[in-house]
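Chemist: Compute the structure for the input listed below.
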Amino acid sequence: MGKKPLYIGRFQPVHYGHVHAIKHILLNHNCLIIAVGSSLTSHEKDNPFTFGERLQMLRLAFEETGIDGNRCVITGVPDVPNMHFLWVKMVEAMSPPFEIVYTNQPFTKRLFAEAGYEVRPIPYFEREKYSGIEIRRRILSGEDWSQLVPVKVFEYIRSIQGVERIMALASSDEAF
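Modeler: As a prediction, the model looks like this:
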């Protein structure tokens, strides 16, 4: 339990797969650093929500699902376009010290392994359902997505007109 873990995700939006991953990591560690990737990116088709909105979604998910937010440190990490070798350095600069990286993303795994970090996978939780891509797809096709995210996250997304934003972004090649 001594090594400090880092979990990286975009959380676009926060869903039960993220909740499952965070709970899994906290079973094995006293604390967790959560790095919200693409933190400066929003209002894009694949990144519709701002860092602040995703931070609020994480807080609401913690509250609803019993995750002790005092055991988590959340930080934002921007992308470093076309300079992937610098991205690990950016994560290190934007986060408290960590020794282990939890990810299932192959490219992220490779970058951190090449930088000398221990990288561990996270058991998937019904991956075909619980992914930001699937949630955004369901929103765009008018399918029910409410059961894929905590109730408070669902209500929050509706309150900030997140559904309308996702639909507008998908119907236009331009970000607002």
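Chemist: pretty sure residue 34 is in contact with residue 74, am I right?
Modeler: Yes - contact between residue 34 and residue 74 holds when scored by C-beta atoms under 8 Å: they sit 4.7 Å apart. In this view, the C-beta of every residue, glycine as well, is placed from N, C-alpha and C.
Chemist: which residues do the two both contact?
Modeler: Counting by C-beta atoms under 8 Å, 6 or more residues apart in numbering, the residues touching both residue 34 and residue 74 are residue 58.
Chemist: what's residue 13 in contact with, if anything?
Modeler: 49, 54, 57, 132, 135, 149, 153, 157, 162.
Chemist: And the helix ranked longest in the chain, what does it pack against?
Modeler: Using DSSP state H, we find that the single longest helix of the chain is helix 51-65. On a contact count with 3 or more C-beta pairs under 8 Å, 6 or more residues apart in numbering; DSSP states H and E, helix 51-65 meets helix 16-28, strand 32-37, strand 72-77, helix 151-159.
Chemist: winner for burial among these?
Modeler: Mean neighbour count (mean count of other C-beta atoms under 10 Å) peaks for strand 32-37 among the helices and strands packed on helix 51-65, with a mean of 23.
Chemist: re the thing from before, so which of the helices and strands packed on helix 51-65 is nearest residue 127?
Modeler: Set against residue 127 and scored by C-beta to C-beta, these come closest in helix 16-28, at 6.8 Å.
Chemist: what does that closest one rub up against?
Modeler: 1, 5, 7, 9, 11, 32, 34, 58, 61, 65, 67-68, 71-72, 102, 122-127, 130-131, 148-150.
Chemist: buried set for stretch 121-134?
Modeler: 122, 125, 130, 131, 132, 134 (16 or more other C-beta atoms under 10 Å).
Chemist: wait, which of these is closest to residue 89?
Modeler: Closest to residue 89, out of all of the buried residues of stretch 121-134 and judged by C-beta to C-beta, is residue 122, at 23.5 Å.
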